[in-house]
Every structure is written in structure tokens, then in C-alpha cells.
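**Q** build me a model:
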Amino acid sequence: MRKIACTLLFCFCTVIVNSQTASVEKSVFGIQTGFLGIWAHNESRLSSEIALRTELGLDTGFFGSALYDVSGFLLAPTITLEPRWYYNLEKRQSKSRRIDGNSGNFLALKITYHPDWFVISNEPNINFISDLSIVPTWGIRRHIGKHFTYETGIGIGYIHYFDDDIITIAENADVTVNLHLRIGYRF
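**A** Residues are numbered from 1 along each chain as shown. The predicted structure is shown next:
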């Protein structure tokens, strides 16, 4: 009787341990860098699978003109708001893979604004036109060790350019691509 009771207790404890649901973390802070910029971000949990990512950073751009014989680079500020749905956390947890720091695959709606506050460039008198983009994105995030991360994503969306002189949306709107590969540090 004692062996049966111990076996049932063990099975009951195993069921309780396996019944925990996977969830995104309450809050994740970090910095990331890639080929085209540097960013600081925070992800806040909205539900067990959805997080809201806010991001401030500097995006890099390259330009050139044969007409004016000028070429160079610029750094422009960026503000991003991005709801993310981490859709495979349960599957990753069931296979004993890491989900800490929101490691997993995600679908996102990346909303980015580039304000015309300042521009850092190797050329003087650069005229930067503000823009707003909305890009559905698919991506993955994984951890290396305790604090380091890598992330990649791809998406195609829509961009609106703001006319610098009269602060209205210019007539030309265009298609934009979000293709990123970043490494980062999670605090």
C-alpha cells in the first residue's frame, strides 16, 4: 500500500509540474546592435503570448548622388512600437528549450517613426525627411548564455514620408522592407 501511495504521489507531482503554462516575461530590458544601428528596448507582457516592445535608437543610412557628387552615411533617431505574438513558447518548453527572455518565434506589427530631430552625418547640411512605417514581421529570438541574444526578422510593409517644409504627408508613399539581424545584451 505504501508503494502504491508513493507512486500515485509521484505521478500527481509530475502532472502538476508539466501543467505549468509557458509565458512571455513580465518585462525584458536590453540593448541591441546590428549592421544598421543601435537600439535600447523594453518588452512588457500584455498576455501569456503577447508582448509590447518599445524601442529607441539610431538607424544608419547610406546615401549618394552623382548629380551633386556627394556620398556618405547618416544616423537618425528612431522610435518603434511593436506588439509581438510569441506563438511557439509551449512547443519550445515541451521540448525543454529555453524560453527565458522571450526566446521564441514571433509575429509582429512593427510601427516605426523617424523624427527629424537631428541627424549625425559625415556631410554637412543633410536634409532628412521624417517617415512612418508599418511592417508586419516574422522573426526569431534566441539566447546565448545568460545575457546575450541574437534576433532576426523579415517583413514587407508600407511607409509614409512627411514633407519637411509643410509637415504634411507627401504624395509619394512606398513599400518598405524590414530585414534585421541583431545581437544584444539583456539586463
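
**Q** please count neighbours and contacts with C-alpha atoms only from this point.
**A** Will do.

**Q** against which helices or strands is the helix or strand hosting residue 132 packed?
**A** Residue 132 is located in strand 131-144, with elements delineated by DSSP states H and E. Under the contact criterion of 3 or more Cα pairs under 8 Å, 6 or more residues apart in numbering; DSSP states H and E, strand 131-144 touches strand 104-114, strand 148-162, strand 169-186.

**Q** helices or strands up against the first one?
**A** Packing contacts for strand 104-114, counted by 3+ Cα pairs under 8 Å, 6+ apart, involve strand 70-86, helix 89-94, strand 131-144.

**Q** okay, the angle between that strand and strand 169-186?
**A** When axes from the mean of the first three to the mean of the last three Cα atoms, to 10 degrees is applied, the directions of strand 104-114 and strand 169-186 differ by 130 degrees.

**Q** rewinding a little: give the partner strands of the strand holding residue 132 in its sheet and their orientations.
**A** Note on strand 131-144: by DSSP bridges, its sheet partners are strand 104-114 (antiparallel), strand 148-162 (antiparallel).

**Q** immediately after the worst-scoring helix or strand of the chain on mean pLDDT, which helix or strand?
**A** Within the chain, no helix or strand scores below helix 2-18, which has a mean of 50 by mean pLDDT, DSSP states H and E. Reading on from helix 2-18 to the C-terminus, the next helix or strand found by DSSP H and E is strand 27-34.

**Q** could you point out the helix or strand that follows that next one?
**A** strand 37-45.

**Q** quick check: bridge partners of residue 138?
**A** Assessed by DSSP bridges, residue 138 has beta-bridge partners residue 107, residue 154.

**Q** wait, isn't it in contact with residue 106?
**A** Yes. Counting by Cα atoms under 8 Å, residue 106 is a contact partner of residue 138 at 5.9 Å.

**Q** the more surrounded of these two?
**A** Shown here are residue 138 and residue 106; by other Cα atoms under 10 Å, residue 106 has more neighbours (22 against 19).

**Q** so for the more buried one, what's the nearest residue that isn't a sequence neighbour?
**A** In space, residue 106 comes closest to residue 86 once its chain neighbours are excluded; the distance is 4.3 Å by Cα to Cα, 6 or more residues apart in numbering.

**Q** distance of that neighbour relative to residue 158?
**A** From residue 86 across to residue 158, the span is 23 Å (Cα to Cα, to the nearest Å).

**Q** neighbour count winner among these two?
**A** residue 86 (24 against 15).
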